[in-house]
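**Q** Task: produce atomic coordinates for the following.
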Amino acid sequence: MLLLLAIPALFVGNQACSGCHAEIYRRYSATPMAMSSGRNLPPLTPGSFRHDASRVQYDIDAKGLVRLSKGDKRDHRQIDYYIGSGVAGRSFGFVLDNFLFEAPVTWYTQTGSWDVSPGYASDTLSRWSRPIEPSCLFCHASQTRWREGTLNAYAAPAFEHNGISCERCHGPGSLHIEGKGKLVNPAKLAPARRDDVCAQCHLTGQSRIVRAGRHLTDYRPGDTLSDFVAHIVPAEPGEFQVNSHVEKLAASGCKRAAGDRLWCGSCHDPHTVPPPSERVAYFRARCLTCHQQAECTRGPDCAGCHMPKNPAVDAGHGVFTDHSIPRKPAAGTRVPSAASWKLRPWTAADAGDRELGLAYAEAGVRTGDRRQQAEAIRLLTTASQDPEVQVRLADLEERAGNPERAVELYRAALRQDRNAVVALVNLGRLYGSSGHLDEAITLWRAALKQNPCLAEAGANLQIALRAKNDAAGVEAIRRSQQLCSFE
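**A** Numbers count the residues shown, from 1 in each chain. Coordinates of the predicted model:
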């Protein structure tokens, strides 16, 4: 019997689409999605700022050279990639020995100034050690070239295609350009799968938990997104986030009334962004497909009133569009209820004790909420024990004062995944604190092969090597971490 195997479609890049779809290609190339990352820096606006928490002065030139100064100390770094369309701002990637990190400097377009990147405001050091993992690049770049067995190492360049490519929404195109297959038209999919195409990047929730044995990068347009990741949201309306478009739209009166008829494509043409002079009329025309002109006497700018721009809790200096489409702007501050610590699956398809438990663990560690930590332990103890579950449980058990149980769980995780970097670092610390320096050193060295800027592993390894009188080893680790921060 002859077994015929299906030939998988492969990614071919935007240029392959441009021949037959020249006008769409031209228009799309100017959109924020198409410009959401780049391998070659455009000319930057030179500028400088002083970060008060670290007392470091940053001076950035047009070519991306960042000069650092603190007192009499001077150094410099070269930023290599940009991340972000530039509409609200742009952050930057810094390469160290083929490992990609986020630089602590961001250009904020709306204020026309440089400042520290989101999440760095309270940093007392100038850290150049925040890893840019494949999941971080997923919504900014296309076809990443991640090196398996590492946390954040990539081949050069780190991704094949700048920005979000045509194939992110239409699927791999090799068979299509050979005349052997059709591409996906998201507008013609069933509503849930149609909306998933946008949700892959525009829905984060409180947590986005990857299913066991799956990867978000395996998702293809037309698939069911919840087969790959589960989205977990606050049980009560949450804080305004940069990527809360889908979540906020679902809560709007417009969506509740229109149901599946209303989706992202009802208002947005993914291939085109109207010029500023035409935006009020463009979006007003979309509102008037459902609403009557006589309903409002405030003026033509529907979005200006009903989709206000607000600060996001996970962003720096900038404002973002509120897709909850409030009839009137919210007044005052929402008072949390007694149940505000609780989480829930975004939809029934996102449910699962493992995924909900991991989300509670993530939230509980971030907030310190003991109720969330206890709920995480309850859910994860009965869930299938894959490495991510074991690592999270180990961390929670250690926080609860059960180091022996934590050691068992970290060991179990490493038996299944020798590259579980959190297990390598934390089990090393537990071994080191109990006097098992050789075992700890082995684990920390393995962790640093995945990411040379892991601060805890690097610092502890130097302490352990000093205790072993290995001066050469201490110096080698010190030098390898020297570019990871500017103290």
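**Q** so how far is residue 94 from the residue nearest in space to the middle of the chain?
**A** In the chain, the centroid-proximal residue (C-alpha atoms, centre = their mean) is residue 136; its distance is 3.8 Å. According to C-beta to C-beta, to the nearest Å, residue 136 and residue 94 sit 14 Å apart. Yep, even glycine has a C-beta here, placed from its N, CA and C like the rest.
**Q** Could you tell me which residues touch both of those two?
**A** The overlap between the contact sets of residue 136 and residue 94 (C-beta atoms under 8 Å, 6 or more residues apart in numbering) consists of residue 102.
**Q** mind listing the strands for the stretch 151-300 of the chain?
**A** Assigned by DSSP state E, counting those that start in this stretch, the strands in the stretch 151-300 of the chain fall at 154-161, 207-210, 229-234.
**Q** How about residues contacting the last one?
**A** If I follow you right, that is strand 229-234. Contacts with strand 229-234, where a contact means C-beta under 8 Å, 6+ apart, come from 199, 203-211, 214, 216, 219, 247, 340, 342-347, 350-352, 355-356, 359.
**Q** Sketch out the low-pLDDT regions of the stretch 1-150 of the chain for me.
**A** Per-residue confidence for the stretch 1-150 of the chain (pLDDT under 70) gives these ranges: 1-6.
**Q** what residues are up against residue 205?
**A** So residue 205 contacts 231, 232, 233, 238, 247, 346 (C-beta under 8 Å, 6+ apart).
**Q** let's see 10 Å
**A** Residue 205 makes contacts with 199, 229-234, 238, 241, 243-244, 246-247, 343-346, 350, 359, as judged by C-beta atoms under 10 Å, 6 or more residues apart in numbering.
**Q** And it, how far from residue 82?
**A** For residue 205 relative to residue 82 (C-beta to C-beta), the value is 26 Å.
**Q** what bits of the stretch 301-450 of the chain have low per-residue confidence?
**A** 314-318, 329-336, 338.
**Q** Now do the strands in it.
**A** 309-310, 320-321, 343-345.
**Q** residues near residue 450, how many?
**A** Residue 450: 21 surrounding residues under other C-beta atoms under 10 Å.
**Q** ok, it to residue 429 distance?
**A** 16 Å.
**Q** Can you show me the CA trace of stretch 18-27 as PDB?
**A** This file holds the C-alpha atoms of stretch 18-27, laid out as PDB (Å, rounded to 0.1, in the frame of the first residue of the first chain):
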ATOM      1  CA  SER A  18       4.200  41.500  -3.800                       C
ATOM      2  CA  GLY A  19       4.100  40.400  -7.500                       C
ATOM      3  CA  CYS A  20       0.400  39.500  -7.600                       C
ATOM      4  CA  HIS A  21      -0.700  41.800  -4.800                       C
ATOM      5  CA  ALA A  22       1.400  44.900  -5.500                       C
ATOM      6  CA  GLU A  23      -1.100  47.500  -4.300                       C
ATOM      7  CA  ILE A  24      -1.900  45.600  -1.100                       C
ATOM      8  CA  TYR A  25       1.800  45.000  -0.500                       C
ATOM      9  CA  ARG A  26       2.500  48.700  -1.000                       C
ATOM     10  CA  ARG A  27      -0.200  49.900   1.400                       C
END
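**Q** Any chance you could list what contacts that stretch?
**A** 14-17, 28-29, 34, 166, 176-177, 269-273.
**Q** With stretch 469-485 instead?
**A** By C-beta under 10 Å, 6+ apart, stretch 469-485 touches 54, 75, 77, 94, 96-97, 99, 101, 104, 123, 125-130, 441, 444-445, 448, 451-455, 457-466, 468.
**Q** What subset of these is buried?
**A** Buried by 16 or more other C-beta atoms under 10 Å: 54, 77, 94, 96, 99, 101, 104, 123, 125-130, 441, 444-445, 448, 451-454, 457-458, 460-462, 464-465, out of those.
**Q** Counting only strands, which of these make the cut?
**A** Among the buried ones among the contacts of stretch 469-485, the ones falling in strands (DSSP state E) are 77, 94, 96, 99, 101, 126, 127, 130.
**Q** Widest-spaced pair of those residues?
**A** Distance extremes for those: the farthest pair is 99 and 126 at 17.6 Å, using C-beta to C-beta.
**Q** Any regions of the stretch 151-300 of the chain where pLDDT drops low?
**A** Short version for the stretch 151-300 of the chain, where the test is pLDDT under 70: none.
**Q** Work out the gap between stretch 88-103 and the centre of the chain.
**A** Distance, stretch centre to chain centre, for stretch 88-103: 13 Å (C-alpha atoms, centre = their mean, to the nearest Å).
**Q** Would you mind measuring the gap between the ends of that stretch?
**A** 17 Å (C-alpha to C-alpha, to the nearest Å).
**Q** what's the answer for stretch 410-427, then?
**A** 6 Å.
**Q** Identify each buried residue in that stretch, please.
**A** Buried-residue list, stretch 410-427, by 16+ other C-beta under 10 Å: 410, 412-414, 419-427.
**Q** Please apply the same query to stretch 64-77.
**A** 64, 66, 68, 69, 70, 77.
**Q** what sits against the first one?
**A** Under the criterion of C-beta under 10 Å, 6+ apart, the contact partners of residue 64 comprise 41-44, 77-82, 92, 94, 103, 105.
**Q** again, but for the fifth one
**A** Going by C-beta under 10 Å, 6+ apart, residue 70 touches 50, 51, 54, 55, 56, 57, 125, 126, 486, 487.
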